[in-house]
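Asker: need coordinates for the following:
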Amino acid sequence: MAETTSEAPQLLTETKDGILTLTLNRPEVLNSLTMKMMAGLTKALRDAEKDKAIRCVVLTAAGRAFCAGADLGDLRRRQEVKDFSLGDELRDHFNPLILQIRKMEKPVVGAVNGLAAGAGASLILSCDVKVCADSAKFINAFSRVGLVPDSGITWYMPRMMGYSLALEHAWLAKPITAQQALHYGWVNNVVPAEQVASAALALAGEIAKQAPRAVALTKRAINKSLESTLEDQMEYEAQLQEILGKTKDHEEGVKAFLEKRQPVFKGE
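Answerer: Residues are numbered from 1 along each chain as shown. Here you go, the predicted structure:
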């Protein structure tokens, strides 16, 4: 049974078969993000990164929405404090969470059970692979409150959907449907809403069966490719193969292939 973490009572955690499931648990406010929730989520991800028993993380949410973005009521109260800085809010809370997902080498599967808006959309786009409910929508309404899209989404959008569509979405706050998200490459699969949790766990389970070190370094390589030349990237691939070629998992993979059986990887 899922338990609430002491550090962040609005976050549920459950570990089974090497998969850690993190569930945003403020359904009454569409899982809008508070500082406490983000701190708890960041800590849970950092702990998972160090835990050899965890091979994959699933990020999802309770209720009918994934995440409506920052809790604006909570934000409004903090804005009343002298010398409040919205930029520092991002630097201290939102950005570390997004970067933790991107930089940790264990795979993160996003399960979009419903609306993903603002920083909630950024949070799900930061996940490595995503399963999405057919009823889900993505919205970025920063323009309606006089702000620029943040938490990394201005980096993700033009790379996924192109310059002009990214601007249109950001300026006009037009919702993106699950099918459009699939078309743009925002998500990997769209399934009926009632199947999101099981589909995400099944995907995580398949990933967890792969060689952990190879999974980790593949994520590292794909991340690096976004800023590399072809020549630099091929050299980096060679460096990573030099490392992986000496692992027991590589030896097991080759042996299993020759013996026509499924490999059993141990992360060694």
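Asker: the nearest residue to Asn31 once chain neighbours are set aside: how many residues sit nearby?
Answerer: Excluding its sequence neighbours, the residue lying closest to Asn31 (Cβ to Cβ, 6 or more residues apart in numbering) is Leu24, at 4.1 Å. C-beta coordinates here come from the backbone N, C-alpha and C atoms, glycine included. Neighbourhood size, Leu24 [other Cβ atoms under 10 Å]: 27.
Asker: is Leu24 in a bridge, and if so with what?
Answerer: Legend: beta-bridge partners of Leu24 under DSSP bridges are Leu11, Ala61.
Asker: so it makes contact with Leu30?
Answerer: No: under the criterion of Cβ atoms under 8 Å, Leu24 is not in contact with Leu30, lying 9.5 Å apart.
Asker: need the residues touching each of the two.
Answerer: Cys67 (Cβ atoms under 8 Å, 6 or more residues apart in numbering).
Asker: coming back round to it: ok, the residue nearest to Asn31 - contacts?
Answerer: With Cβ under 8 Å, 6+ apart, Leu24 has these contacts: 10-11, 31, 33, 37, 41, 59-62, 66-67.
Asker: just Lys255 next, same as before
Answerer: By Cβ under 8 Å, 6+ apart, the residues touching Lys255 are Pro263.
Asker: tell me which stretches of the stretch 101-250 of the chain form helices.
Answerer: Using DSSP state H, counting those that start in this stretch, the helices found in the stretch 101-250 of the chain span residues 119-126, 153-161, 163-172, 178-184, 196-208, 212-225, 230-244, 248-258.
Asker: tell me the gap between the third one and the middle of its chain.
Answerer: Read it as helix 163-172. 22 Å (Cα atoms, centre = their mean, to the nearest Å).
Asker: swap in the shortest one?
Answerer: Centroid separation between helix 178-184 and its chain, computed with Cα atoms, centre = their mean, is 17 Å.
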